[in-house]
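[1] the following comprises the amino acid sequence and a computationally predicted model.
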Amino acid sequence: MFAKARNPMESLIGPATRIDGHVLFRGGLRIDGKVVGSVCAEPGQDSYLVVSEHACIDGEVRCGHLIVNGEIRGAIHVAERVEIQPQARIVGDVYYKVLEMHGGAQVLGKLAWCDGAGAVDQGATNGVVENINCAKGL
């Protein structure tokens, strides 16, 4: 976990929950269930996303800080820091400013450093995300 969490985990998607659609959040979000759609933090806000070992996201992820120990199938854009824990399974490219990757983690895609400027705000790569204003703000 991060040494100092600036925001508490304000929202939870529980293990028995499946969301078919896009999630736009601010502050802290923990996912223990499944999301079929993108998970994006509101631009310009501090954001922390935790994807637990039993969680699955089938879509793009954009946030400020990310801890992943579950499965993500889609591109990941993290403005600050991403921690990829031992049980993590990622199928997609990971764009990050600071990366911590534990032994046992699996990434099928490229790891690409970016300066973090615009990692959450930059234009989305697919029209669905743009349509929900995930990358462009509310």
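    On my side now, so go ahead.
[2] make it CA atoms for all contacts and neighbour counts henceforth
    Will do.
[3] OK, contacts around residue 96?
    By Cα atoms under 8 Å, 6 or more residues apart in numbering, the contact list for residue 96 reads 77-82, 111-116, 119.
[4] and what of residue 9?
    By Cα under 8 Å, 6+ apart, the neighbours of residue 9 are 27, 28, 29, 30, 48.
[5] now go through those residues and say which are in strands.
    27, 28, 29, 30, 48 (DSSP state E).
[6] related to what we said a few turns ago, by neighbour count, which of the contacts of residue 9 wins?
    residue 48 (28 neighbours; other Cα atoms under 10 Å).
[7] and it, how close does it get to residue 12?
    To residue 12, residue 48 is 12 Å away according to Cα to Cα, to the nearest Å.
[8] identify the contacts common to those two.
    Counting by Cα under 8 Å, 6+ apart, the residues touching both residue 48 and residue 12 are residue 29.
[9] against residue 74, how distant is the residue nearest the centre of the chain?
    Centroid-nearest residue in the chain, with Cα atoms, centre = their mean: residue 61, separated by 3.9 Å. The gap separating residue 61 from residue 74 is 7 Å, by Cα to Cα.
[10] now residue 103
    21 Å.
[11] quick one, which of those two is more surrounded?
    residue 74 (19 against 10).
[12] shouldn't the more buried one be in contact with residue 91?
    Yes. If you go by Cα atoms under 8 Å, residue 74 and residue 91 touch, sitting 6.1 Å apart.
[13] what's the weakest-modelled helix or strand in the chain?
    Every helix and strand of the chain was ranked by mean pLDDT, DSSP states H and E. The lowest is helix 127-131, at a mean of 34.
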